[in-house]
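Student: Give me a model of this one.
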Amino acid sequence: MASNFWQSTHCRRWILPRVDIPRGRGALAATTMWMVQLSCKARMRQRVAATAIVMLRRFTAVANRDDEYDPQAVGVACLYLASKAEECTMQAKHWVRYAGALGFHLTLTDLLELEMHVLEGLECDLVVFHPYRPLLTLIDRARLGAVTQDAWSLCNDSYHTDVCLLYPPYVTAVAALYVACVINNVDMRPIFADLQVNTDEVYEVGRILMDAYTKENERRSKEAATRRSSPAEGSAAARVQPSDGKVAPPHKRQKQHAAWERRPPAKQQSK
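Tutor: Coordinates of the predicted model:
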């Protein structure tokens, strides 16, 4: 595993121009959320899910094989690969079993064959850096422990967008901290003065994150309206989700997947 982001294949090969990323990738957010559920079901470390999601987004962007493979099947293969890359290996048969428990069925042969296709599409580049470590470094330096949970959750949510393909992890970390400070009415401008970072990139990542919340709210509002129009379905769904169908901002959201959105420990070692 490369120890220096600037010398890694992540930096040299996997920060992509926006024009190289296919449009219409919004549907991938549902797949990445499902991958988080599957990772939690398998009791994997948070970093495994994060690495797997980056692999999925790389594969579907560069290889452009959205139409050839079921995104969920690719997601399972990426989780299997990520568990190896992050040294949390779990046998393929168990991934098949856990995926089946969540309603997605594939055979062991399918998973192993798809693993080879993903490796080919990624050209065996499995090195992935994450925004968590720079985020905690920034929080410690600026003494902003009060916004740690919100900033951490925003980093998590960045994986449901293509931010991980467009910008280096440290930019995502700064943007997450910036948005968390805005949410909590903390003035971060003095901190920005000491950061050697492109503020335009930071604001763009922040905009992408907030747009993702807006789109998810719109989607859930439509689902809520559909449930209300069908009493039988609406009453059952209401027991699972709030009736308004809205996604709460990070500082008010109930954490549904503890292993994914937990408060980071004081000395978290995530990349």
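Student: Does V36 touch A49 like I think?
Tutor: Yes: with contact defined as CB atoms under 8 Å, V36 and A49 form a contacting pair (5.3 Å). (Each C-beta comes from the backbone N, C-alpha and C, glycine too.)
Student: okay, those two: which has more neighbours?
Tutor: Comparing V36 with A49 by other CB atoms under 10 Å, the one with more neighbours is A49, at 29 against 25.
Student: Would you mind measuring from the more buried one to D200?
Tutor: Distance from A49 to D200, counting by CB to CB, to the nearest Å: 30 Å.
Student: before we move on, what about V186?
Tutor: The gap separating V186 from D200 is 21 Å, by CB to CB.
Student: Please say which of these two ends up with more neighbours.
Tutor: Between V186 and D200, V186 has the larger neighbour count (other CB under 10 Å), namely 15 against 8.
Student: can you pull the pLDDT of that one?
Tutor: Listed pLDDT for V186 reads 87.
Student: Identify the residues contacting the closest residue in space to it that isn't next to it in sequence.
Tutor: Excluding the flanking residues, the one nearest V186 by CB to CB, 6 or more residues apart in numbering is V147, at 6.2 Å. Going by CB atoms under 8 Å, 6 or more residues apart in numbering, V147 touches I139, L177, A180, C181, I183, N184, V186.
Student: And for L209?
Tutor: Going by CB under 8 Å, 6+ apart, L209 touches L154, D157, S158, T161, V163, A175, A176, V179.
Student: for H105, same thing?
Tutor: By CB under 8 Å, 6+ apart, the residues touching H105 are A99.
Student: got the CA positions of the host helix or strand of Y80 in CSV?
Tutor: If you go by DSSP states H and E, Y80 is part of helix 71-85. Extracted in CSV, the C-alpha atoms of helix 71-85 (Å, rounded to 0.1, in the frame of the first residue of the first chain):
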residue,chain,number,x,y,z
PRO,A,71,-24.4,-2.5,-10.5
GLN,A,72,-25.3,-4.5,-7.4
ALA,A,73,-23.3,-7.5,-8.7
VAL,A,74,-20.3,-5.2,-9.3
GLY,A,75,-20.8,-3.8,-5.8
VAL,A,76,-20.5,-7.2,-4.3
ALA,A,77,-17.4,-7.9,-6.3
CYS,A,78,-15.9,-4.6,-5.2
LEU,A,79,-16.6,-5.3,-1.6
TYR,A,80,-14.9,-8.7,-1.9
LEU,A,81,-11.9,-7.0,-3.5
ALA,A,82,-11.8,-4.2,-1.0
SER,A,83,-11.9,-6.6,1.9
LYS,A,84,-8.7,-8.1,0.5
ALA,A,85,-7.1,-4.7,-0.2
